[in-house]
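Engineer: got a structure for you, letters missing:
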């Protein structure tokens, strides 16, 4: 990998042959107002020990909040910190919170999961769907507020954090449940008694259909095994499992919709040459999944099912020559923004070594979104870690997002001496071309940036990196690289100001392009495009000195959360005089849901999350003497001087 600015980052999730979460069926147009202003029946709840607790035993409380939950629904678990905080806050005001789970298998499992998510209020299995029937609940999570007479005064969402299943809004602007409770406790009528719950539909009384033209065991399970289960299984990064018939049925409509739109499996390239580990479903597979969902999700005969897929838990390439990991666990909090944590991992090498392969093994795959791995031979990461650790000394032992390392939203805080690629769930370990490797200098550190996402629980992780060295350094050559840098237009804030490269506020279609020349014959092995949040499209083109131009890859719906290095199935022979070009489009308008600024602001070029950039990182081999077979990139990403 090339020496780069500290911004060649964010090769976010590579999900192998897997899809991370099925994203979002839209909510119904009109919320269901059933049971509003009526007295709710005396539901009886039973805990894991069989103890009965009738609803009416709570007489005398100012209000009762019943929240219908599902610990397999990411929208539901995502609200765990919010609900725990509300239960504590309003508990002092005479309000009782109760959770019910209509789709869990048994009361003991419900109690265990409620404890894991530290909800702080009792959660019961909804035996025979009694609570769902009494409340006419339709989704998880869905909140119901009963006054002191057990009359339903509010039903719907907790707030507007989600616009659809797994689709978060940038900010929470409507705290519906809090508002309803505040008005009720103040003796006022609830001004907004009804809102649409956003989450997973409840299905407690479904009749299993056995036969059909397309069945689960014969037709659907093989597709899920080969394309989804790598991440959608217990303990992995997928927010729900797709190992069983029941689980597949629960997500059938999402599977149909997201595979039809090709959101899942996550593969952003829509045009270009073949790459390794392409996560594409065939048109036939997509049609099969749709037919199964539309046909009533028949189960079929279990005898038709393929053998359960076995997943490798150990090191794929065998025992590494060196295993690196942080000195202790890092504690990830249950809620809030994702965190990017950098861990400084001393190698202790007494001589230079060539790394020919690496593997990354999280100890807690549920929360590790991806890693990026860099070489630091000057101890800069150590200084940043020491400063961060000193600043965090005064933190309480029960606070979250604590442990070794330092936090950095974009990159590692300095220009690395090189990269060791990255990792994401499902990515298969592979060796570099024979005779080539990443040079790891003696005494250097590996700085591993880990992107952690929240799952509603307090989690711990201590991710490992396994390094595989060349047996002999003699004769080894460096795996080289290059950078294509896009050139941004100059933005002037006022006439006398010279301006800086950037994207004006409100600009919907800002075009950026850049080129890189091939200075010595080489073989191209990998391509990694990189933009930030307001990126919209990106395209990389090879223009031979002789012959027609060819698209290497094109992404029409750029997503900051789905970046990766793409390795060519057939490495490409490049000749002196060939040109590689990047063309990108940015949307800095209010129409872009990923825009970090509301209202939009001018975005200048820089290394922070809210800045922008346009780079394409190349991995190549060559027999030439240079560190790179390509021309020097314009790392400042500035346009050419304007003609007068």
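Structural biologist: That came through fine. As the structure is a prediction and not an experimental result, all values here were calculated from the model. Residues are numbered from 1 along each chain as shown.
Engineer: next SSE downstream of the helix or strand of the chain with the lowest mean pLDDT?
Structural biologist: Least confident helix or strand, the chain: strand 167-168 with a mean of 78, by mean pLDDT, DSSP states H and E. On the C-terminal side of strand 167-168, the nearest following helix or strand under DSSP states H and E is helix 176-185.
Engineer: quick one: contacts of that next one?
Structural biologist: With CB atoms under 8 Å, 6 or more residues apart in numbering as the test, helix 176-185 has contacts from 62-63, 65, 86, 90, 93-95, 143, 145, 147, 153-154, 156-160, 189-193, 195. Quick note: C-beta positions are derived from backbone N, CA and C, even for glycine.
Engineer: strands paired with the least confident helix or strand of the chain, and their directions?
Structural biologist: strand 162-164 (antiparallel) (DSSP bridges).
Engineer: any buried residues in the partner strand, and which?
Structural biologist: Under the neighbour-count criterion of 16 or more other CB atoms under 10 Å, strand 162-164 has residue 162 buried.
Engineer: distance from the chain centre to it, please.
Structural biologist: In terms of CA atoms, centre = their mean, to the nearest Å, the centre of strand 162-164 is found 16 Å from the chain centre.
Engineer: and what of stretch 33-51?
Structural biologist: Remark: stretch 33-51 is offset 36 Å from the chain centroid, using CA atoms, centre = their mean.
Engineer: contact partners of that stretch?
Structural biologist: Stretch 33-51 is contacted by residues 52-56, 98, 100, 106-108, 110-111, 122, 124-125, 127, 130-131, 134-136, 144, 146, 149-153, 155, 193-194 when judged by CB under 8 Å, 6+ apart.
Engineer: quick check: buried residues in it?
Structural biologist: Those would be 35-36, 40, 43, 45, 47, for stretch 33-51 by 16+ other CB under 10 Å.
Engineer: and the residues you listed, which of them are in strands?
Structural biologist: Among the buried residues of stretch 33-51, the ones falling in strands (DSSP state E) are residue 45.
Engineer: closest one of the buried residues of stretch 33-51 to residue 200?
Structural biologist: Using CB to CB, residue 35 comes nearest to residue 200 of the buried residues of stretch 33-51, at 20.3 Å.
Engineer: name the nearest residue to residue 53, ignoring sequence neighbours.
Structural biologist: residue 45 (4.7 Å; CB to CB, 6 or more residues apart in numbering).
Engineer: cool, and residue 443?
Structural biologist: The nearest residue in space to residue 443 (CB to CB, 6+ apart) is residue 349, at 6.4 Å.
Engineer: pull the contacting residues for that neighbour.
Structural biologist: Counting by CB under 8 Å, 6+ apart, residue 349 touches 440-444.
Engineer: residue 273 too?
Structural biologist: Residue 273 is in contact with 550-553, 568-570, 572, counting by CB under 8 Å, 6+ apart.
Engineer: and for residue 458?
Structural biologist: Residues in contact with residue 458 (CB under 8 Å, 6+ apart) are 118, 331-334, 400.
Engineer: pLDDT weak spots in the stretch 301-450 of the chain?
Structural biologist: Applying pLDDT under 70 to the stretch 301-450 of the chain flags residues 396-398, 410, 426-427.
Engineer: per-residue pLDDT, the closest residue in space to residue 140 that isn't next to it in sequence?
Structural biologist: Sequence neighbours aside, residue 70 is the residue nearest to residue 140 in space, at 3.8 Å (criterion: CB to CB, 6+ apart). On the pLDDT scale, residue 70 is placed at 91.
Engineer: again, but for residue 20
Structural biologist: What the model reports as pLDDT for residue 20 is 30.
Engineer: picking that back up, mind checking which of the contacts of helix 176-185 are in strands?
Structural biologist: Counting by DSSP E, the part of these found in strands is 63, 65, 95, 143, 145, 147, 153-154, 156.
Engineer: quick check: the farthest pair among the residues you listed?
Structural biologist: Farthest pair in the ones in strands among the contacts of helix 176-185 (CB to CB) is 95 and 156. Separation: 17.1 Å.
Engineer: those two: who's more crowded?
Structural biologist: Between residue 95 and residue 156, counted using other CB atoms under 10 Å, the more crowded position is residue 156 (24 against 19).
Engineer: residue 405 contacts residue 341, correct?
Structural biologist: Yes: judged on CB atoms under 8 Å, residue 405 makes contact with residue 341 at a distance of 4.8 Å.
Engineer: so what sits against both of the two?
Structural biologist: residue 330.
Engineer: list the contacts for the spatially closest residue to residue 348 that is not a sequence neighbour?
Structural biologist: Taking CB to CB, 6+ apart, and ignoring the residues beside it in sequence, residue 348 has residue 443 as its nearest neighbour in space, at 8.0 Å. Residues counted as contacts of residue 443 (CB under 8 Å, 6+ apart) are 347-350, 377.
Engineer: list buried residues within those residues.
Structural biologist: 347, 349, 377.
Engineer: any chance of those in CSV, with secondary structure too?
Structural biologist: Below are the buried ones among the contacts of residue 443 laid out as CSV (DSSP: H, G, I helix; E, B strand; the rest coil):
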residue, secondary structure
347, coil
349, coil
377, coil
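Engineer: from one end of stretch 469-483 to the other, what's the distance?
Structural biologist: Its first and final residues considered, stretch 469-483 spans 26 Å by CA to CA, to the nearest Å.
Engineer: buried residues in it, which are they?
Structural biologist: 469-470, 476, 478-483.
Engineer: identify, from those, the entry nearest to residue 356.
Structural biologist: Set against residue 356, the nearest of those by CB to CB is residue 470 (5.2 Å).
Engineer: would you map the helices across the stretch 201-350 of the chain?
Structural biologist: 221-227, 245-250, 252-260, 283-294 (DSSP state H, counting those that start in this stretch).
Engineer: would you turn these into TSV with mean pLDDT?
Structural biologist: TSV is the format used below for the helices of the stretch 201-350 of the chain (pLDDT from 0 to 100):
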stretch	mean pLDDT
helix 221-227	95
helix 245-250	90
helix 252-260	91
helix 283-294	96
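Engineer: list of residues touching stretch 373-391?
Structural biologist: Contacts to stretch 373-391, defined as CB under 8 Å, 6+ apart, come from residues 342, 344, 358, 360, 404-408, 412-414, 416-423, 438, 440-441, 443-449, 465.
Engineer: buried ones among these?
Structural biologist: Those of the contacts of stretch 373-391 that meet the buried threshold are 342, 344, 358, 360, 404-406, 408, 412-414, 416-423, 438, 440-441, 444-449, 465, by 16+ other CB under 10 Å.
Engineer: residue 82 reaches residue 336, doesn't it?
Structural biologist: No: between residue 82 and residue 336 there is no contact under CB under 8 Å: 10.7 Å.
Engineer: those two: which is more packed in?
Structural biologist: More neighbours surround residue 82 than the other of residue 82 and residue 336, with 20 against 11 (other CB under 10 Å).
Engineer: look up how far residue 83 lies from the closest residue to the more buried one other than its chain neighbours.
Structural biologist: The spatial neighbour of residue 82 that comes closest, neighbours along the chain excluded (CB to CB, 6+ apart), is residue 158 at 6.3 Å. As judged by CB to CB, to the nearest Å, residue 158 and residue 83 stand 7 Å apart.
Engineer: need the residues touching each of those two.
Structural biologist: Common neighbours of residue 158 and residue 83, counting by CB under 8 Å, 6+ apart, are 67, 141.
Engineer: just the helices in the stretch 51-200 of the chain please.
Structural biologist: For the stretch 51-200 of the chain, the helices defined by DSSP H, counting those that start in this stretch occupy 74-78, 80-91, 107-116, 130-135, 176-185.
Engineer: all strands of the stretch 251-400 of the chain, in order?
Structural biologist: Taking DSSP state E, counting those that start in this stretch to define them, one finds strands in the stretch 251-400 of the chain at 269-272, 322-325, 330-332, 339-346, 353-361, 368-376.
Engineer: so for residue 499, which of the ones you listed sits nearest?
Structural biologist: Using CB to CB, those put strand 339-346 closest to residue 499, at 30.4 Å.
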